[in-house]
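*Asks:* pasting a predicted model and its sequence here:
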Amino acid sequence: MTLPTIKEIAKLAGVSTATVSRVINNYPHISKKTRLRVQEVIQKFGYTPNAVARSLVTRKTATIGLVLSDITNPFYAEIARGIEDEARKYNYNVIFCSTDNTPEIQKTYIDLLYEKRVDGLIFASARIHDPDIEKLALEGIPFVLVNRKLEGIKTNYVVVDNFLGAYIVVEHLIKLGHQRIGFIRGPLDYSTGIDRLEGYKKALLTYNIEFNGRLIKQGDFKRKSGYLACKEFLRMRNRPTAIFGSNDFMALGAWEAILEASLRVPEDIALVGFDDIELTSLKGIELTTVSQEKYRMGIKAVKILVDNIKHKEKKMTHQIILKPKLIIRKSCGYNYKKSLETKS
C-alpha cells in the first residue's frame, strides 16, 4: 500500500496543503472543526510527515548531536544512555559520534552535525581549550558539556567535582597508612586531568606528605596507558605501595601489570580508580573507585539543552557540579600501616 502525500491528504480533507502543514505543526488560528477533519484523514490513511520538509517549516529537526570521546569506555556509554532516555521524553532523536579523543575527528563531526541541522549538541569530548566548540558559543548554537569544562569561556556544563573526587581517594589511602601513592594522571589538556591532579596534590599537602614528581605517570584514559604506567612504577627501586588510576580503565590496566609481575592487589599494592564503571564491582575485581552519577549527568545535560533550544534568545547558562562518592571495595580496603607492623 502506497502512503498518501500531503497533497492527497489536503484534497481528501478539502483544505489546502498549507492548512495540513499548519495542523501537523500545531500552528494556532486553525478552527477546531478544520483541525479535527485533517487529523481524522491523517489517521485514517496513515500519513507520515516528511521530516525534512517539516524541518523547513519549523526550522527544527528534533535532533540532538552527541559527541563522545570514546564509546568503548562504559563510562561514556552510561552517560549516552541517560541522554538518549531523556531526549526521548522530549521527542528528540540523538545522533551519536565518537571522536577517539582526536580533535580532527571531532571537527569533522561538528561540521557533519551542523549540516544535518541538529537543534543542539552535547559534548563529552571537550578539551580545556577547544576552538571548535568555542566557535559554537560565539555563533550562539545551543550546546552543553558533560564531564569536562572549557577554560576562560562561560558555557553550559554538567560535571562531577573532580578535584574533590581525587582528594577523597588520596585521603582514604593516606588514612590506610600509605605514604608513597603513585598517580596515573589523565592528559592535562582536559579539565578532568587537571582537576584530578590538583586534588591528588592537595591531599598530600593537607597531610604533610612531600610531593614527589616521580610518583606521577602520564596516561591517556585508556587501559593500555595504565598498564604501561604501572610497569614503570614496578621498575622503581622504592615502588609505590598504592596506585591511583585517574579513571577505571587505567586502574584496570595497572591491575593487569601487577598480576603479570606476580604481585597481589591489595596485599602488595593497593589500587584505586575513578568513574565506578559496572565492571569494577564484579567479584574478583571489586575495585575501590570514585562514583559519579553518569546516567544522571546525561539526563541533566538534555534538560539544559532543551531549555536552551526553547529559549535560545535568553542565552541562559547552567553550570552543574555533582558531588562524587568514594566506593570502598577490596582493592585497597585494609590498613596498610597495621599490616607492616604485623610483618615486623
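*Replies:* Received, thanks.
*Asks:* what is the burial count for the closest residue in space to residue 167 that isn't next to it in sequence?
*Replies:* With sequence-adjacent residues excluded and distances taken as Cβ to Cβ, 6 or more residues apart in numbering, residue 167 is closest to residue 199, at 4.1 Å. Any C-beta I mention is one placed from the backbone N, CA and C, and that applies to glycine too. Look at residue 199: counted by other Cβ atoms under 10 Å, it has 26 neighbours.
*Asks:* residue 199 is in contact with residue 163, isn't it?
*Replies:* Yes. In this structure, residue 199 is within contact of residue 163 by Cβ atoms under 8 Å, at 4.3 Å.
*Asks:* contacting residues for residue 192?
*Replies:* Shown in contact with residue 192 (Cβ atoms under 8 Å, 6 or more residues apart in numbering): 147, 148, 162, 186, 246.
*Asks:* what's the burial count for the closest residue to residue 234 other than its chain neighbours?
*Replies:* Distances taken as Cβ to Cβ, 6+ apart put residue 261 closest to residue 234, at 5.3 Å, once the chain neighbours are dropped. Residues contacting residue 261 under the criterion other Cβ under 10 Å number 15.
*Asks:* same question, residue 177
*Replies:* So residue 177, with other Cβ under 10 Å, has 17 neighbours.
*Asks:* assumed it was part of a helix.
*Replies:* No. Residue 177 sits outside any helix when classified using DSSP: H, G, I helix; E, B strand; the rest coil, being coil.
*Asks:* any idea how far it is from residue 332?
*Replies:* Here the criterion is Cβ to Cβ, to the nearest Å. By it, residue 177 lies 11 Å from residue 332.
*Asks:* repeat for residue 312
*Replies:* Distance of residue 312 to residue 332, computed by Cβ to Cβ: 48 Å.
*Asks:* and those two? Which one has more around it.
*Replies:* Taking other Cβ under 10 Å, residue 312 and residue 332 do not tie; residue 332 has more neighbours (25 against 14).
*Asks:* so who does the closest residue to the more buried one other than its chain neighbours touch?
*Replies:* In space, and not counting its chain neighbours, residue 332 is closest to residue 270: 3.5 Å by Cβ to Cβ, 6+ apart. Residues counted as contacts of residue 270 (Cβ under 8 Å, 6+ apart) are 173, 176, 178, 241, 242, 243, 288, 331, 332, 336.
*Asks:* most neighbours among those, which one?
*Replies:* Of those, residue 243 is surrounded by the most neighbours, 34 neighbours in total, counting by other Cβ under 10 Å.
*Asks:* next, count neighbours for residue 80.
*Replies:* 22.
*Asks:* gap between the strand or helix carrying it and the chain center?
*Replies:* Using DSSP states H and E, the element containing residue 80 is helix 74-89. Offset of helix 74-89 from its chain centre (Cα atoms, centre = their mean, to the nearest Å): 9 Å.
*Asks:* what does the helix or strand that it is followed by rub up against?
*Replies:* Going down the chain from helix 74-89, the next helix or strand is strand 93-98, by DSSP H and E. For strand 93-98, contacts defined as Cβ under 8 Å, 6+ apart pick out 62-72, 76, 80, 83-84, 87, 109, 112-113, 116, 118.
*Asks:* helices and strands of this protein: which one has the lowest mean pLDDT?
*Replies:* helix 51-58 (a mean of 45; mean pLDDT, DSSP states H and E).
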